[in-house]
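>>> got a sequence here, can you model it:
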Amino acid sequence: MPIEILMPALSPTMEEGTLAKWLVKEGDKVSSGDIIAEIETDKATMEFEAVDEGTLGKIIVPEGSEGVKVNALIAVLLEDGEQASDAVLTSVPADDAGDKAAATAVSTERATLTTALTPVASAALDGTRIFASPLARRIAAEKGLDLSALKGSGPHGRIVKADILAADSAPAKPAPAAIAAETPAPAPSVSSDTIAKIYADREFTEIPLDGMRKTIAARLTEAKQTIPHFYLRRDIKIDNLLSFRVQLNKQLEARGVKLSVNDFIIKACALALQTVPAANAVWAGDRVLQLTPSDVAVAVAIEGGLFTPVLKDAEQKSLSTLSAEMKDLATRARSKKLAPHEYQGGSFAISNLGMFGIDNFDAVINPPHGAILAVGAGVKKPVIDDEGQVSVATVMSVTLSVDHRVIDGAMGAEVLQAIVDNLENPMGMLA
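A predicted model of the protein is given here:
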């Protein structure tokens, strides 16, 4: 009986995606675990693996199709002896994606196939057998995960690789309160047509919003409307850090390691969260989740938006390890090759615009994080020392944006003081 291949949910919040590329064609043999397509979400391009074996009988959604809903039928897999005609399905060309009649026809044919498959689906759900792809089983065994405790997102509830990775990255005791899902960009108070009419006599280029820009707009609007931000500012003298960095880089040169100032900032924030553990927390709707490890997210600018890959257990890692991980995550972020578990989570974020010559700024908290540190450039300034003497120092201005629901003012000041202490006395971070 023909097997449906459905648009996968590649992250907990994914609602739709772009079927970027088919890696197989109609008539090709497919084995469980084979990579058959590339799917683009708003954040990344990910590989989609087959969970069943057979012959690809019909491609329903052509490559390049955008806005394909999760669990939409995208192709049909045939078992031995079956023909493509058994599926009674007709592909809709990309140009006709908006044609209601064509969409209705496919919907009707899909319903016919779904009815035929119902006994198979029921047997899978009612029986004691656990349906999982071989790759998912292997990864679960390596990570010590119980497949019977997992809910599959593949066809008919089959457990696939993405389910294993999501379960492995989830907190040990997840809160029942759901984190707000990604939503479409909010409608402007004035319609887009009205705004366009204002500029009707001016030359302009209309740029459609892609998935990433829609998500950024929605999440940042949500953040500014729902998170009670307050801001704490400090100047940090980083001359000791700069000279210490030069010394370390000379010693690490033979290993091909070159530490950046950002690497020290990541380590300083991770240790500060351990110094003030109550601030290592996230907002979860009707409760606060206080994390044990310091999982620090770092904003990475990419074409058309940004990622915030997460450096997990950052307090335990050496500067050279953090540097290597950050370079790898940033490189893959720019090519949209990060997996969801690599950019979701964390309790604290860093946004560094100092490299662009920005002296200081206020960053918007990325929910559900409790805080974000905005880092400006290091600038030579006159300072007055403890003896009242004027000297010149390299000063870096930082602003800590804090969610007042999670962290109160005194606690935020304590975290920021710990960050300042770590950066002004960098050798202590190696102890």
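>>> going forward, measure contacts between C-alpha atoms and count neighbours the same way
OK.
>>> export stretch 236-249 as CSV, just CAs?
In CSV, the C-alpha atoms belonging to stretch 236-249 read as follows (Å, rounded to 0.1, in the frame of the first residue of the first chain):
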residue,chain,number,x,y,z
ILE,A,236,34.7,48.1,31.7
LYS,A,237,38.5,48.8,31.6
ILE,A,238,39.9,46.1,29.3
ASP,A,239,43.6,46.9,29.1
ASN,A,240,44.5,43.9,31.3
LEU,A,241,42.3,41.7,29.1
LEU,A,242,43.9,43.0,25.8
SER,A,243,47.4,42.4,27.1
PHE,A,244,46.5,39.0,28.5
ARG,A,245,44.9,38.0,25.2
VAL,A,246,48.1,38.9,23.3
GLN,A,247,50.2,36.7,25.7
LEU,A,248,47.8,33.8,25.3
ASN,A,249,47.6,34.0,21.6
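>>> residues contacting that stretch, please?
Residues lying outside stretch 236-249 but in contact with it, judged by C-alpha atoms under 8 Å, 6 or more residues apart in numbering, are 257-261, 378, 393-398, 420, 423-427.
>>> let's see that with 6 Å instead.
258, 394-396, 424, 426 (C-alpha atoms under 6 Å, 6 or more residues apart in numbering).
>>> with adjacent residues omitted, what lies nearest to residue 283?
Among residues not flanking residue 283 along the chain, residue 368 sits closest, at 5.3 Å (C-alpha to C-alpha, 6 or more residues apart in numbering).
>>> I misspoke; the intended subject was residue 161.
Using C-alpha to C-alpha, 6+ apart, the closest residue to residue 161 is residue 136 (4.6 Å).
>>> what helix or strand does that neighbour sit in?
Using DSSP states H and E, residue 136 falls within helix 134-143.
>>> for the very next helix or strand once past that helix, what is the average pLDDT?
Following helix 134-143 in sequence order, the next helix or strand is helix 161-169 (DSSP H and E). Mean pLDDT, taken over the full extent of helix 161-169, equals 78.
>>> got the angle for helix 161-169 vs helix 134-143?
For helix 161-169 and helix 134-143, the angle between their directions (axes from the mean of the first three to the mean of the last three C-alpha atoms, to 10 degrees) works out to 20 degrees.
>>> other residues contacting helix 161-169?
Helix 161-169 is contacted from outside by residue 136, using C-alpha under 6 Å, 6+ apart.
>>> go with 7 Å
Where contact means C-alpha atoms under 7 Å, 6 or more residues apart in numbering, the residues beyond helix 161-169 that reach it are 10, 135-136, 140, 152-153, 341.
>>> could you pull out the helices in this protein for me?
100-126, 134-143, 161-169, 192-198, 211-226, 239-252, 261-275, 319-334, 340-343, 409-424 (DSSP state H).
>>> in a markdown table, list these along with distance to residue 292 and mean neighbour count.
Converted to a markdown table, those look like this (distance: least, C-alpha to C-alpha, whole Å; neighbours: other C-alpha atoms under 10 Å):
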| stretch | distance to residue 292 | mean neighbour count |
| --- | --- | --- |
| helix 100-126 | 37 | 14 |
| helix 134-143 | 20 | 16 |
| helix 161-169 | 14 | 19 |
| helix 192-198 | 46 | 10 |
| helix 211-226 | 24 | 17 |
| helix 239-252 | 27 | 15 |
| helix 261-275 | 8 | 22 |
| helix 319-334 | 18 | 18 |
| helix 340-343 | 18 | 20 |
| helix 409-424 | 15 | 19 |
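>>> picking that back up, need the worst-confidence member of the contacts of helix 161-169.
When those are compared on pLDDT, residue 135 comes out lowest, with 70.
>>> which non-adjacent residue is nearest it?
Residue 135 sits nearest to residue 33 (C-alpha to C-alpha, 6+ apart), 5.8 Å away.
>>> could you report the pLDDT at the residue nearest to residue 283?
Predicted confidence (pLDDT) at residue 368: the value is 93.
>>> how close does the spatially closest residue to residue 363 that is not a sequence neighbour sit to residue 393?
Computed as C-alpha to C-alpha, 6+ apart, the closest residue to residue 363 that is not its neighbour in sequence is residue 374, at 5.6 Å. When C-alpha to C-alpha, to the nearest Å is applied, the distance between residue 374 and residue 393 equals 20 Å.
>>> so the two - more neighbours on which side?
Summary of the neighbour comparison: residue 374 and residue 393, criterion other C-alpha atoms under 10 Å, with residue 374 having more neighbours (22 against 19).
>>> what pLDDT does the model give that one?
pLDDT for residue 374: 97.
>>> pretty sure residue 32 contacts residue 53?
Yes - between residue 32 and residue 53 there is a contact at 5.2 Å, judged by C-alpha atoms under 7 Å.
>>> which parts of the stretch 1-150 of the chain are strands?
Chain-ordered strands for the stretch 1-150 of the chain, with DSSP state E, counting those that start in this stretch as the definition, fall at 3-6, 16-22, 29-30, 35-40, 45-49, 54-59, 65-69, 73-78.
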